[in-house]
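Chemist: prediction below, plus the sequence it came from.
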Amino acid sequence: MPDLAEISALADRIRLRALRMVEPLQFGYLGQALSAAELYASVYGGPLRPAHDDVVVSPGHYIVCAYAAAAELGMLDAAGLDTYGQDDSEFEAIGTDRSQGVSLSCGSLGQGLTGAAGFALSNRLRGKTDARTFAFLSDGEMEEGQVWEAAMFAAHWRLTNLVAVLDANDSQVDGPVSSITTVEPLPEKWRAFGWDVYEVDGHNVGAIATALDQAIASDRPAIVIGRTSTRHGLDAILPDDADGHFIKLPPAMALAAHEELEARLA
Amino acid sequence: MPSANPMTRYPTVLKPYGRALVELATAREEVLCLSGDLTRQCEIDLFQGAFPSRFIHAGMAEANMIGLAGALARRGHMPFVHTFGVFATRRPLDQIVNAIAYPNLPVRLIGFMPGLSSPGGPSHQAIEDVALMRAIPNMTVVDVADATEIGQAVPAIADVPGPVYLRLKRGEIPLLFGQTHRFSLDRAQILREGGAAAIVTNGMIVASALAAADIMSTHGLAVAVVNAPVVKPIDRRTVAAVARTVGAVVTAENHSIVGGLGSAVAEVLAEEGVGVRLRRLGIQDTFAEGARRAPFLFKKYGLGVQDIIDAVWSLAGPSTPPPIAPVPESERGEYAPV
């Protein structure tokens, strides 16, 4: 079991670094980092072995989390991150093939689990029984049919070294996922598709760590479903109706967010 | 060089693609075979029998199959993806763009039953697959005519650094070309010389174009035939060079006239400043229909030998009526132009 206090601090450092990247743009994909910070911190600061394992960031809008986590752990040269989302930057705001530090990121949603299944299948074909594939997903993209094609494929092939981590933040462009299309009940759906399912409070690093351990030990493909909020960690600063997908971040709000996160990390 | 006898009946070969893939996979252990629930129909029952551990049932889930192929290619495998042309291109277009073409991965998409070769109706007739694939950066697009070309194209596309879309008829394939024929990824081939007009064609229409040219030749009109199996990148040099020597160009393709071979040739002629009349034969920007037999559809939608003769004659022939193509009777195991 990793040091949970360290994982929690790593989550807030991910939030702070994401804030620094999004802040100069005055709007962007900060809500994703707020909801998924503990999930990324728990994988990056926990079972992930960069030399052996693959990380897939299926919703490319979450690449900010992967950049932040990798930079915090020294897996990525953080110097370039201040160009995130700017013209001519190598750190595009939506993940592409140029995105550093991940095996795959997909700006067109619903495709990442397929890629992760492909990596896991390749490892199987090559006899690399030790290699794991971590696929970060989000609940909005559960509306894409390809996710379920990939879910069936992975279960049929019993890709045991595939672990999906789903940020269930109930947020998509048009509003709460639950108000757009009912994707629930997610645990039952994944179970019915042949996966082992571990549903947790996605901001509780202890629960996430236990779930990841079980998911890795599972003899099927496994998914950790983290229930999260796109305002977590900055609830007191962001308005109640802050757009979780593409948040507006005027300078005064960004400053207050800085103070809040830095105070917590002090 | 195919026979000069108009309306030649060509011998046929069974499953040349399936055999060529097994041959390639025997030499190249990185070859993987993915099937979208059309294994026998795509001739890869042969691969499945020979290399069961390298055969992957992706099931009836094309979007996932394309993404799997992309991930496998990233890891150094050489995935060949098999389904009908419609399901290989129009259905998973976004996946092809994002998971294969944009990262420029060496995935080979093999689309069977091109154009009107399927009597299965609009859902099964890939009439815009070339246009879709041609529009995607990094993609190479190939449409092969006969068993010889198929046998040569399979190893030829294996080492293209980026993605390739190969469309081809399945099952019983005519043998048009002799052993001296050389498929090239760079060069189109001039199958017939002739100064009056040129027919630029490929795939299933090559036999019909040859028959049309030979019939016109016996009626005093010398018509060149250019086989351009690689639609992208099109062999600009050969197309422009031939076009400069003739009075008219007719393209003939088993595809919509929008976006395919006819469009590629039109772009070359315009950009090279070849001021020659052009007519594009193909499916005239319409959907076709289900029927019992494909030859009926080729005739109904204007891709018969007579249609080619009429088009060339109207642009480059004398004012006399065009010659009439005899109607061939194809026996089982033989392939005759429609």
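Modeler: That came through fine. This structure is a prediction, so every number in the text was calculated from the model and none was measured.
Chemist: report the contact partners of residue A:1.
Modeler: Residue A:1 makes contact with A:209-210, A:213, according to Cβ atoms under 8 Å, 6 or more residues apart in numbering or on different chains. Just so you know, the C-beta spots here come from the backbone N, C-alpha and C atoms, and that holds for glycine as well.
Chemist: please apply the same query to residue A:257.
Modeler: Residue A:257 neighbours (Cβ under 8 Å, 6+ apart): A:19, A:234, A:237-238, A:249.
Chemist: got it, and residue B:335?
Modeler: B:9-12, B:172-174, B:207.
Chemist: contact residues of chain B facing chain A?
Modeler: By the rule Cβ under 8 Å from any Cβ of the partner chain, the part of chain B lying against chain A is B:32, B:53-54, B:56, B:58-59, B:61, B:63-64, B:67-72, B:74-75, B:77, B:94-95, B:97-99, B:102-103.
Chemist: out of these, which are buried?
Modeler: Taking 16 or more other Cβ atoms under 10 Å in any protein chain shown as the criterion, what is buried in those is B:32, B:54, B:56, B:58, B:61, B:63-64, B:67-72, B:74-75, B:77, B:95, B:97-99, B:102-103.
Chemist: can you count the residues close to the residue in the stretch 151-300 of chain B that chain A sits nearest to?
Modeler: With Cβ to the nearest Cβ as the measure, residue B:162 is the residue of the stretch 151-300 of chain B nearest to chain A, at 12.9 Å. Neighbourhood size, residue B:162 [other Cβ atoms under 10 Å in any protein chain shown]: 16.
Chemist: just checking, residue B:226 touches residue B:205?
Modeler: No. With contacts counted by Cβ atoms under 8 Å, residue B:226 stays clear of residue B:205, the gap being 11.8 Å.
Chemist: who has more neighbours, these two?
Modeler: Legend: neighbour count by other Cβ under 10 Å for residue B:226 and residue B:205, higher for residue B:205 (30 against 25).
Chemist: ok, the residue nearest to that one when sequence neighbours are not counted - contacts?
Modeler: Using Cβ to Cβ, 6 or more residues apart in numbering or on different chains and skipping residues adjacent in sequence, the residue nearest residue B:205 is residue B:252, 4.6 Å away. Shown in contact with residue B:252 (Cβ under 8 Å, 6+ apart): B:199-201, B:205, B:208-209, B:281-282, B:303, B:308, B:311.
Chemist: and chain B, is stretch A:139-159 touching that?
Modeler: Yes. Stretch A:139-159 lies within reach of chain B by Cβ under 8 Å from any Cβ, at A:145-146, A:149-150, A:152-153, A:156.
Chemist: list the buried ones in that stretch?
Modeler: In stretch A:139-159, counting by 16+ other Cβ under 10 Å, buried: A:139-142, A:144, A:146-155, A:157, A:159.
Chemist: ends of that stretch, how far apart?
Modeler: 21 Å (Cα to Cα, to the nearest Å).
Chemist: circling back: isn't the residue of the stretch 151-300 of chain B closest to chain A up against residue B:141?
Modeler: No. Using Cβ under 8 Å, residue B:162 is not in contact with residue B:141; the gap is 11.5 Å.
Chemist: how close does the residue in chain B that chain A sits nearest to get to residue A:52?
Modeler: Going by Cβ to the nearest Cβ, chain A is nearest to residue B:71 of chain B, at 2.4 Å. Distance, residue B:71 to residue A:52, using Cβ to Cβ, to the nearest Å: 17 Å.
Chemist: what does residue B:80 give?
Modeler: For residue B:80, the distance to residue A:52 (Cβ to Cβ) stands at 29 Å.
Chemist: secondary structure class for residue 80?
Modeler: No chain specified, so I'll use chain A. helix (DSSP: H, G, I helix; E, B strand; the rest coil).
Chemist: look at chain B instead
Modeler: Residue B:80, by the three-state scheme (three-state DSSP), is strand.
Chemist: what's the nearest residue to it if we skip its chain neighbours?
Modeler: In space, residue B:80 is closest to residue B:108, 4.6 Å off (Cβ to Cβ, 6+ apart).
Chemist: what sits against the one you found?
Modeler: B:78-81, B:157-158, B:163-164, B:166.
Chemist: pick out the residue nearest the middle of chain A.
Modeler: The residue lying closest to the centre of chain A (Cα atoms, centre = their mean) is residue A:136, at 4.6 Å.
Chemist: helices or strands up against the helix or strand containing that residue?
Modeler: Here residue A:136 sits within strand A:133-138, counting by DSSP states H and E. Contacts defined by 3 or more Cβ pairs under 8 Å, 6 or more residues apart in numbering or on different chains; DSSP states H and E place strand A:133-138 against helix A:30-44, strand A:54-59, helix A:112-125, strand A:162-168.
Chemist: run the chain-centre distance for that strand.
Modeler: 7 Å (Cα atoms, centre = their mean, to the nearest Å).
Chemist: who's in contact with it?
Modeler: By Cβ under 8 Å, 6+ apart, the list of residues contacting strand A:133-138 reads A:32, A:36, A:39-40, A:43, A:48, A:53-59, A:62, A:65-66, A:103, A:109, A:112-113, A:115-117, A:119-120, A:123, A:147, A:159, A:161-169, A:223.
Chemist: which residues in chain B form helices?
Modeler: B:16-27, B:45-50, B:62-74, B:85-89, B:93-95, B:129-134, B:147-158, B:206-218, B:236-244, B:261-271, B:294-300, B:305-316 (DSSP state H).
Chemist: circling back: got the contact list for the residue of chain B closest to chain A?
Modeler: Contacts of residue B:71 by Cβ under 8 Å, 6+ apart are A:104, A:114-119, A:121-122, B:99.
Chemist: ok, now which ones touch the residue in the stretch 1-150 of chain A positioned nearest to chain B?
Modeler: Proximity of the stretch 1-150 of chain A to chain B (Cβ to the nearest Cβ) peaks at residue A:118, 2.4 Å away. Residues near residue A:118 by Cβ under 8 Å, 6+ apart: B:67-72, B:74-75.
Chemist: just give the closest residue to it, not the sequence neighbours.
Modeler: That would be residue B:71: by Cβ to Cβ, 6+ apart, it lies 2.4 Å from residue A:118.
Chemist: then residue B:115?
Modeler: Nearest non-adjacent residue to residue B:115 (Cβ to Cβ, 6+ apart): residue B:254, at 3.5 Å.
Chemist: tell me the spacing between the one you found and residue A:4.
Modeler: Applying Cβ to Cβ to residue B:254 and residue A:4 gives a distance of 64 Å.
Chemist: adding mean pLDDT, write the helices and strands packed on strand A:133-138 out as TSV.
Modeler: Formatted as TSV, the helices and strands packed on strand A:133-138 follow (pLDDT from 0 to 100):
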stretch	mean pLDDT
helix A:30-44	98
strand A:54-59	98
helix A:112-125	98
strand A:162-168	98
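Chemist: excluding residues flanking it in the chain, which one is nearest residue 155?
Modeler: In the absence of a named chain, chain A is used. In space, residue A:155 is closest to residue A:194, 2.9 Å off (Cβ to Cβ, 6+ apart).
Chemist: could you do chain B instead?
Modeler: The spatially closest residue to residue B:155, leaving aside those adjacent along the chain, is residue B:24, at 5.4 Å (Cβ to Cβ, 6+ apart).
Chemist: and residue B:168, how many neighbours?
Modeler: By other Cβ under 10 Å, 29 other residues sit near residue B:168.
Chemist: residues of stretch A:17-28 that come out buried?
Modeler: Buried residues in stretch A:17-28, defined by neighbour count with 16+ other Cβ under 10 Å: A:17-23, A:28.
Chemist: adding distance to residue B:266, secondary structure and pLDDT, write those out as a markdown table.
Modeler: Shown next, in a markdown table, are the buried residues of stretch A:17-28 (distance: Cβ to Cβ, whole Å; DSSP: H, G, I helix; E, B strand; the rest coil; pLDDT from 0 to 100):
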| residue | distance to residue B:266 | secondary structure | pLDDT |
| --- | --- | --- | --- |
| A:17 | 53 | helix | 97 |
| A:18 | 50 | helix | 97 |
| A:19 | 53 | helix | 97 |
| A:20 | 52 | helix | 96 |
| A:21 | 47 | helix | 97 |
| A:22 | 47 | helix | 96 |
| A:23 | 51 | helix | 95 |
| A:28 | 44 | strand | 94 |
